[in-house]
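Asks: With the input below, show me the fold.
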Amino acid sequence: MITLDDIIGMTCLTRDEIEAIGEHEGCCGVSAAVMAEYTSQEPKGFQHIQQMICEDIREALHRDDVDHARALYTVLHHYMETHPDAARGAAG
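Replies: Residues are numbered from 1 along each chain as shown. Model prediction:
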């Protein structure tokens, strides 16, 4: 049987990055992993994922959930280090 960890291992993203996308899109688990992988394969998909994580941070700050915003910032920082194509203005 294929597990969620197996599916995450088939993507180019971390569990935290997938969870942030799931939070943004209102889904979780396998659905979030599939959506994340699909989005990463689209033109400018990495930039779109970067936007999603930034929007999640903004939403957390609007809710005064500083701890969650801080955790999402850590996810964003790692994401930008591992996916430089996500930077705005990057050729995609």
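
Asks: Name the helix or strand for the residue sitting nearest the centre point of the chain, please.
Replies: Nearest residue to the geometric centre of the chain (Cα atoms, centre = their mean): Glu17, 3.6 Å. Using DSSP states H and E, Glu17 sits in helix 15-25.

Asks: Over to Arg88?
Replies: Arg88 belongs to no helix or strand, assigned by DSSP H and E.

Asks: Give me the three-state assignment for the closest residue to Gly45 other than its chain neighbours.
Replies: Of all residues not flanking Gly45 in the chain, Thr39 sits nearest, at 4.7 Å (Cβ to Cβ, 6 or more residues apart in numbering). From N, CA and C alone the C-beta is placed, and that goes for glycine too. Using DSSP: H, G, I helix; E, B strand; the rest coil, the structure places Thr39 in helix.

Asks: For Thr39, list the residues it contacts.
Replies: For Thr39, the contact set (Cβ atoms under 8 Å, 6 or more residues apart in numbering) comprises Ile21, Gly45, His48, Ile49.
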